[in-house]
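[1] What follows is a predicted structure for the sequence shown.
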Amino acid sequence: PYTFTIGDTRNFGVYEGGGNVIEVKKPEIANFKPFSESLKDPEMLVCDFAKMSMPANLHLAFQAISNFQKQYNTLPKPWDDGDADKFYEVVEKLNSENREKVLTDELNKHWIKLFSKTCTGDLCPMQAVIGGIAAQEAMKAVTGKFMPIRQFFYFDAIECLPENVFQPSNEITTESYMGPKLPTKTSRYYSQEIVFGEDFQEKLGKSKYFVVGSGAIGCEMLKNFAMMGVGCLKEGHVYVTDMDSIEKSNLNRQFLFRSWDIGKMKSTVAAEAVKAMNPNMHVRAYVDGVFPETEHIYDDHFFERLDGVVNALDNVKARQYIDRRCVYYQKPLVDSGTLGTKASVQVVVPFLTESYSSTNDPPDPSIPMCTLRNFPNLIEHTIEWARDNFAGLFTIPSQQAEEFMRGPKEFAERTAKNHSEYDKTEIIENVKRILSGERPKTFADCVKWSRLLFEQQFHNTIAQLLFNFPRDHITNKGERFWSGNKRCPHVLKFDVNNKLHLDFIVAASNLLAHMYHIPQTNDYKLIAEEVLKLHIPEFKPKAGVTIHENDDQVRAELDRQKNTSAMRKNGQSGNDIEVEQLLNRLPKYDDVLDIKIRPHEFEKDDDTNFHMDYITATANLRAENYEIQRADRSKIKRIAGNIIPAIATATAMVTGLVCLEVYKFVQNHQKIESYRNGFVNLALPFFGFSEPVPPKRQKYLDKDFTLWDRFEVKGDMTLEEFIEYFKREHKLVPNMISAGMSVIYSPHFMRQTSKTQDMKRKISELFETVTRTKIPAHVRSLTLDMLCDDLEGNDVEDVPYIKYTFR
């Protein structure tokens, strides 16, 4: 995979070594058949291999609608068997006239009749799916970016219909099914009721759903729920939570927000917006995240009343926690996510499918430390270096100085307790530098500091690196040092007429001035004049400076520093002495009492704060050092601000797919083949839908169980009663009971007197004793694990966990 051919090189000069290659994507001319020709001889993109013949059937059915309307001057009536028979005849005739006939055994009479019976309905989620895909295709046509669909694409979600309709059993056929209870009067949900019926709409209105996250997917989800009528009857409710506030960069895809909402909480604004769309919707906004610390808010009562949960999250850790809660409360969950043009949906159904956490994606690869420090070869490396550089100059040191000034002794105590000797030295140097007498007093001082910083970062450091490893340096293995991913850098000589060089000085000067409450200016001419007044001393590289060649050397150095720190710590005689020593190394508090400091908290969306100006200039200057192609401000902002690529098309489509699964939840579909996990890449284009994976089955004694099963124990028992209960009810003898990392019962490690006493104590009391915590009032049950034997004393390897309800 890492080789390629460049053709005949005999007429080239002699290859000496090194060199860089840039992969260029060559444009491709895509040709398509005219519509009339393609209609008769279609090329189709298949998305669900469980229904391979569905696209061909739909291709005929969509044409037949037009023919039916011409012939009968109307569309087929909803759930009308007579019209369905006529419609099938139209399809058969069309098929016989077609150039490429759909084979007789592939012309699915059942599907085509269902098409006739539901075709006059409209479903908001279906429109979201098709609209998102169509919009992306329009963007491809306008931009010439990504490959268009070739040439017809048909999408169906027939599994959303009642299970005995789309998969009729021997007892129930399409002909014997009379259809849903059709709407008797026109409501805003009329087109949805045509497909599913009034009874279904009532269930939807009474349902209670929890939308976790109110970003791009969360906004779309709430909009879809409002249009579908979720939680719009008296007993229904939609709960939404998001702990983030609205930023400017959200506005291009989180369409419930407007520019005047910037700074407000996402969930609150989103709830108000959908309430305006559908005043009947009962929606409540929370601003607290969902994690262990908020279980007093999202408690047993909260989760037990829910009918389902929909994730709209942007990180795996939060998804896994929600997944654990849904498994514990046995609630259905749909998880979804997007990354640019890619989107995925995973359905989690109690007792039917595996959970989200049953499989894990590999961790994202991190950039090696030595690559960032000395050997970048991609613009991403220089951007991350610039982001760390920003924090190391304008955020962390000033925060540490601010903490010191709030309370010197407390600061010294925290530093002594929580940091290694190496870190302590760095912290002390940071505080001294920020508060020293050499700190800037005027803007001219800030310009001088910035010019020296430029010299240090883009000239001196590189000169030292090239002194250690010259351009022709050979390793001890006889290989060229500057080869492979190691790009040989060159120093930058400051040029006041180079805009990028001056951009750096302007941004760095203003950032430093802001830190010290010095009036700022972005007058380039004034700053250029100040720079020209400065004399910069010539740098001479030093012998004996260590520069690490790889991460193994970096780790070895860190280990050495830790060991040195530990040795020093062992030689000290008490924390008080160490705190006193630290205070002696720090500035005298009375000398710095009047200094005002304000750290920079990185904010990518404020174009007036010089944050992105500094990071853009720094990343591109370092890229110039290493002859890496520069990046524009928007790309640097996306990477430095960790903005996940997101577009409205993929968001709309994936939300539609999620809501189609919600339709199935509301009807309580019981077959795994009714549900669909999905992975889509609109750019390729690729659409892949498949049944969810069933949960892994395990066994104890003669009983099967999965992650959804557990022992339910109700009532607060003594330990003795608990053990006897399991012997009597489950033929199991517990020999260790634990809650998390705390062991409640283990006879092999208990003194006899302690064991006798504990047997008479309640489990909840023992839990509080071993964990040394009071059980909060909102907690009604504990999660316990146990190791056990059967009644004959044989080890039983795996058993379900225990839900112990004591209140």
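    Great, that's in hand. On a predicted model such as this, the values are computed, not experimentally measured, just so you know. Numbering: from 1, shown residues only.
[2] Dump the C-alpha coordinates for the helix or strand hosting Ile322 into CSV.
    Assessed by DSSP states H and E, Ile322 sits inside helix 316-329. Extracted C-alpha coordinates of helix 316-329, given in CSV (Å, rounded to 0.1, in the frame of the first residue of the first chain):
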residue,chain,number,x,y,z
VAL,A,316,-18.2,8.0,22.7
LYS,A,317,-17.9,8.3,26.5
ALA,A,318,-21.3,10.0,26.8
ARG,A,319,-22.8,7.5,24.4
GLN,A,320,-21.5,4.6,26.4
TYR,A,321,-22.9,6.0,29.6
ILE,A,322,-26.4,6.6,28.1
ASP,A,323,-26.2,3.0,26.7
ARG,A,324,-25.5,1.6,30.2
ARG,A,325,-28.5,3.5,31.6
CYS,A,326,-30.8,2.2,28.8
VAL,A,327,-29.6,-1.4,29.4
TYR,A,328,-30.2,-0.9,33.2
TYR,A,329,-33.7,0.5,32.7
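[3] ok, and what's touching it?
    212, 289-292, 298, 300, 303-304, 306, 309, 311, 313, 331-333, 335, 348, 350, 355-357, 361, 707-708, 783, 803 (Cβ atoms under 8 Å, 6 or more residues apart in numbering). Where you see a C-beta, it was placed from the backbone N, CA and C, and this is true even at glycine.
[4] Just those residues: which are in helices?
    Mapping these onto helices (DSSP state H) picks out Asp300, Phe303, Glu304.
[5] List buried members of these by neighbour count.
    Asp300, Phe303 (16 or more other Cβ atoms under 10 Å).
[6] nearest to Asn609, of the ones in helices among the contacts of helix 316-329?
    Of all those, Asn609 sits closest to Phe303, with 41.5 Å by Cβ to Cβ.
[7] you'd agree that closest one is up against Gln330?
    No - applying Cβ atoms under 8 Å, one finds Phe303 not in contact with Gln330, separated by 9.6 Å.
[8] pLDDT of the helix holding Ile322, averaged?
    Mean per-residue pLDDT for helix 316-329: 95.
[9] Equivalent analysis for stretch 744-763, please.
    80.
[10] What of stretch 154-164?
    Rounded mean pLDDT across stretch 154-164 is 94.
[11] how long is it end to end?
    End-to-end distance for stretch 154-164: 23 Å, by Cα to Cα, to the nearest Å.
[12] Could you list the buried residues of that stretch?
    Result for stretch 154-164 [16+ other Cβ under 10 Å]: buried residues Tyr154, Phe155, Asp156, Ala157, Ile158, Glu159, Cys160, Leu161, Pro162, Glu163.
[13] Among those residues, which ones are in strands?
    Applying DSSP state E to the buried residues of stretch 154-164, no entry is found in strands.
[14] from these, which is closest to Phe679?
    Comparing the buried residues of stretch 154-164 against Phe679 with Cβ to Cβ picks out Phe155 as the nearest, at 14.2 Å.
[15] Ramachandran angles for the closest one?
    Taking degrees, to the nearest 10, you get phi -120, psi 130 for the backbone angles of Phe155.
[16] ok, and the helix or strand in the protein with the lowest average confidence?
    None of the helices or strands of the chain scores lower by mean pLDDT, DSSP states H and E than helix 551-570, at a mean of 65.
[17] Other residues contacting stretch 269-282?
    188, 214, 218-219, 222-223, 225-227, 229-233, 236-238, 240, 242, 246, 256-257, 261, 283-285.
[18] And Lys181, how far from Asp199?
    Shown here: Lys181 relative to Asp199, a distance of 5 Å by Cβ to Cβ, to the nearest Å.
[19] Phe686 now?
    From Phe686 to Asp199 the distance is 37 Å (Cβ to Cβ).
[20] Of the two, which one has the most company?
    Shown here are Phe686 and Asp199; by other Cβ atoms under 10 Å, Phe686 has more neighbours (14 against 11).
[21] Dihedrals phi and psi, the residue lying closest to the more buried one once chain neighbours are set aside?
    Spatial nearest neighbour of Phe686, chain neighbours left out: Val680 (6.7 Å); criterion: Cβ to Cβ, 6 or more residues apart in numbering. Main-chain dihedrals, Val680, degrees, to the nearest 10: phi -130, psi 140.
[22] So which bits of the helix holding Ile322 are buried?
    So for helix 316-329, counting by 16+ other Cβ under 10 Å, buried means Ala318, Arg319, Gln320, Tyr321, Ile322, Asp323, Arg325, Cys326, Val327, Tyr328, Tyr329.
[23] Format those as a markdown table; extra columns: distance to Val654.
    As requested, those are arranged in a markdown table below (distance: Cβ to Cβ, whole Å):
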| residue | distance to Val654 |
| --- | --- |
| Ala318 | 17 |
| Arg319 | 14 |
| Gln320 | 19 |
| Tyr321 | 21 |
| Ile322 | 17 |
| Asp323 | 18 |
| Arg325 | 22 |
| Cys326 | 19 |
| Val327 | 23 |
| Tyr328 | 26 |
| Tyr329 | 25 |
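[24] rewinding a little: closest one of the buried residues of stretch 154-164 to Glu16?
    Phe155 (55.8 Å).
[25] related to what we said a few turns ago, mind giving me the ChimeraX select for the contacts of helix 316-329, buried ones only?
    Only the buried entries of the contacts of helix 316-329 go into this ChimeraX selection, using 16+ other Cβ under 10 Å:
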select :212,289,290,298,300,303,306,309,311,313,331,332,333,335,348,350,355,356,357,707,708,803
